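Visitor: here you go, sequence then predicted model.
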Amino acid sequence: MVCLSCSRRIQERQNVFRYNESNGITSLDPAFARNQAVIWPVNQLFNGLVQLDRQLNVRPCIARCFEVSEDGRVYTFHLRGDVYFHDHPLFEAGRGRKVVASDFCYSFGRITDPLVASPGAWIFNLLDKNPSNGNTGFSAPDDSTFIIYLKEIFPGFPGLLTIPYCFVVPREIVNHYGRDFRSNPVGTGPFRLAVWREDEKLVLTRNDHYFERDSAGNSLPYLQAVSISFIKDKQSEFMEFMLGRLDFLSGINPAYKDELLTRSGKLNPAYSGRIQMITEPYLNTEYLGILVDTAILFPGDRPLLDRRVRQAINYGFDRDKMMKYLRNNIGTPACSGFVPAGIPSFDAQAVPGYYFDRDKARMLLREAGYGEGHGMQPITLSTTSDYLDLCEYIQHELAEIGIVLAIEVSAGAAFRNMMANSKFQFFRGSWIADYPDAENYLALFYSRNFSPGGPNYTHYSNPAYDRMYEKALRTTDEAGRFALYRSMDRMIMEDAVVVPLYYDQVVRFVPAGLEGLDSNPMNLLSLKKARWFYVK
């Protein structure tokens, strides 16, 4: 016999998925989906032309199919006829309007509009002019046909279109709300916005008119709602999960890693049958970034402009020990460049990275004129609380060679904003692949991608690097393109504008009664097939 209170909890779980976003959510507008905290809810609210499956293959979404011209520069997409925007009073009779090709012209044009200042503008650097009218490189000859024109061939372009920046939005709704579209999103996704009390609660409810179905022909999504809380303290988040008031923990954190994981990175046997631990490879490089723009100087941080000091930092700490004791061996020490293991072009032998060598680090500091740290003021390393333990470990290790770090902790949303606007010279960063190609990582160092308009947060600028990057975009031969990728990665390592820490691993903890929580090696959160089941 099941008691009434238990029945109610089961009923709630059958209908709602609850997770916490400790870093906060700054926007629900796909034009500003630059980090995971925003990407996850945006992915529930919106769709694009195409999408990635669990194996990172490009699959149809709003476009039922597409073809590529013989020269590889023109992509023609044929849209489904059954995709509608969420119901909204601004649409006729309050019902969702059908998506047409011109909606993509508007949505893509909005991303490239300097007045919008989307951080995703860089992804359209490849667009050519529309040959029919000389305007930006896309057109909609009819309601079901959308065409994109590229300057040069780029084999990875379909994957680029799966990024949330390329999701479709309705012109009339965006024009009505302006910048407030961030808190009044209207998309085509499996869920729609119900309530958003910022920093308190975000609730998404089922879109009853969603166009995708499961393999049996059933309507998606299965869930009635998604509830997102904003508990900042990780220990409190863990307790809410253990009490059954949250249904999801992502990644590992010092607040709970030793409770849930063994030292070897397995689920604690005490929770077998109660908690599922879901793991898979993760195309994410965790790193420390260094702003090398000489036009932006920070008091006391001038030594970081010397490549030898940056190299000394890379040699100055033990990544293997860091992973064993602080990460329970979840992830791989990043000793082979910035591009992570799992990317097709990855080659640990072809791109040597940094290993622990305290003597070599000391030698480099002496060559730079800072032997044993003499004459060097404390260097400020900026991070969020989630990574404080890693930064404190590196702080302790570098002190052994005379480098003194002062750690500055900022809240998630404020931290990301300051990093994007070059307010930090030394900062902890992550880069999660938008699509499974090394170009997505190497774009972080292309000079045309300087933040805040692009993802080059270090403001690295090297004409030789830029030439290789542009040549790689034009190279159709896979072996030739991969060789260029590795050459660029080696250059980044030699110039040491980043300090790679580790290549990550997707780790998720959910109750035993949940199934269909889709993910992929880019840690996508897809809830359209998630549902609860219970075994008597």
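Guide: Everything's here; your move.

Visitor: where does pLDDT dip in this protein?
Guide: By pLDDT under 70, the weakly predicted segments of the chain are 1-14, 130-135, 299-301, 534-536.

Visitor: hey, which helix is longest across it?
Guide: Scanning the chain for the longest helix, with DSSP state H as the assignment, gives helix 478-495.

Visitor: elements contacting that helix?
Guide: Contacts defined by 3 or more CB pairs under 8 Å, 6 or more residues apart in numbering; DSSP states H and E place helix 478-495 against helix 307-315, helix 439-442, helix 463-474. For the C-beta atoms, the positions are set from N, CA and C on the backbone; glycine is no exception.

Visitor: of all these, which lies closest to residue 195?
Guide: Nearest to residue 195 among these is helix 439-442; the distance by CB to CB comes to 34.3 Å.

Visitor: figure out how far the closest one is from the centre of its chain.
Guide: Relative to the chain's own centre, helix 439-442 is displaced by 13 Å; criterion: CA atoms, centre = their mean, to the nearest Å.

Visitor: can you check stretch 342-352 too?
Guide: Here stretch 342-352 is found 21 Å from its chain centre; the criterion is CA atoms, centre = their mean.

Visitor: stretch 174-182 now?
Guide: In terms of CA atoms, centre = their mean, the centre of stretch 174-182 is found 24 Å from the chain centre.

Visitor: repeat that for stretch 411-418.
Guide: With CA atoms, centre = their mean as the basis, stretch 411-418 stands 15 Å off its chain's centre.

Visitor: stretch 409-420 too?
Guide: Relative to its chain's centre, stretch 409-420 lies at 15 Å (CA atoms, centre = their mean).

Visitor: and stretch 43-52, end to end?
Guide: Across stretch 43-52, the terminal residues are separated by 12 Å (CA to CA, to the nearest Å).

Visitor: re the thing from before, between the helices and strands packed on helix 478-495, which gets nearest to residue 183?
Guide: helix 439-442 (29.0 Å).

Visitor: is it correct that residue 146 is in contact with residue 49?
Guide: Yes: between residue 146 and residue 49 there is a contact at 7.1 Å, judged by CB atoms under 8 Å.

Visitor: so what sits against both of those two?
Guide: Counting by CB atoms under 8 Å, 6 or more residues apart in numbering, the shared contacts of residue 146 and residue 49 are 63, 77, 79, 104.

Visitor: which positions within the host helix or strand of the second one qualify as buried?
Guide: This means residue 77. Using DSSP states H and E, residue 77 sits in strand 74-79. For strand 74-79, burial by neighbour count (16 or more other CB atoms under 10 Å) applies to 74-79.

Visitor: so which of the helices and strands packed on helix 478-495 is nearest residue 88?
Guide: Between residue 88 and those, the tightest spacing by CB to CB is seen for helix 439-442, at 33.6 Å.

Visitor: please, which helix or strand holds residue 359?
Guide: Here residue 359, judged by DSSP H and E, is contained in helix 358-367.

Visitor: got the CA positions of that helix in CSV?
Guide: Only the C-alpha atoms of helix 358-367 are listed here, as CSV (Å, rounded to 0.1, in the frame of the first residue of the first chain):
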residue,chain,number,x,y,z
ARG,A,358,59.2,22.8,-11.2
ASP,A,359,62.9,23.2,-12.1
LYS,A,360,62.0,24.3,-15.7
ALA,A,361,59.4,26.7,-14.3
ARG,A,362,62.1,28.3,-12.0
MET,A,363,64.5,28.5,-15.0
LEU,A,364,61.9,30.4,-17.1
LEU,A,365,61.3,32.8,-14.3
ARG,A,366,65.0,33.6,-13.9
GLU,A,367,65.2,34.2,-17.7
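
Visitor: tell me the SS of the residue nearest to residue 525 when sequence neighbours are not counted?
Guide: Leaving aside its sequence neighbours, residue 525 sits nearest to residue 40 (CB to CB, 6 or more residues apart in numbering; 4.3 Å). For residue 40, the assignment made with DSSP: H, G, I helix; E, B strand; the rest coil gives helix.

Visitor: quick one: residue 40 and residue 17, what's the gap?
Guide: For residue 40, the distance to residue 17 (CB to CB, to the nearest Å) stands at 12 Å.

Visitor: likewise for residue 329?
Guide: Taking CB to CB, one finds residue 329 at 29 Å from residue 17.

Visitor: which stretches in the stretch 1-150 of the chain count as strands?
Guide: Counting by DSSP state E, counting those that start in this stretch, the segments of the stretch 1-150 of the chain that form strands are 16-20, 50-52, 58-60, 63-68, 74-79, 138-142, 145-149.

Visitor: nearest to residue 449, of those?
Guide: Judging those by CB to CB, what sits closest to residue 449 is strand 145-149, at 19.9 Å.

Visitor: okay, now the sheet partners of whichever strand in the chain runs longest, with direction.
Guide: For the chain, the longest strand by residue count, based on DSSP state E, is strand 275-290. If you go by DSSP bridges, strand 275-290 pairs up with strand 426-432 (antiparallel), strand 498-511 (antiparallel).

Visitor: could I get the ones you listed as CSV with mean neighbour count?
Guide: Below are the strands paired with strand 275-290 laid out as CSV (neighbours: other CB atoms under 10 Å):
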stretch, mean neighbour count
strand 426-432, 21
strand 498-511, 22
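
Visitor: which of those strands sits closest to residue 190?
Guide: Proximity to residue 190 (CB to CB) singles out strand 498-511 among the strands paired with strand 275-290, at 18.5 Å.

Visitor: now the closest one: how far from the chain's centre is it?
Guide: Offset of strand 498-511 from its chain centre (CA atoms, centre = their mean): 12 Å.

Visitor: what angle sits between that strand and helix 307-315?
Guide: 30 degrees (axes from the mean of the first three to the mean of the last three CA atoms, to 10 degrees).

Visitor: mind listing the strands the next helix or strand after strand 498-511 pairs with, and their directions?
Guide: Next in sequence after strand 498-511, counting helices and strands by DSSP H and E, comes strand 514-515. For strand 514-515, the paired strands and their directions (DSSP bridges) are strand 531-532 (antiparallel).
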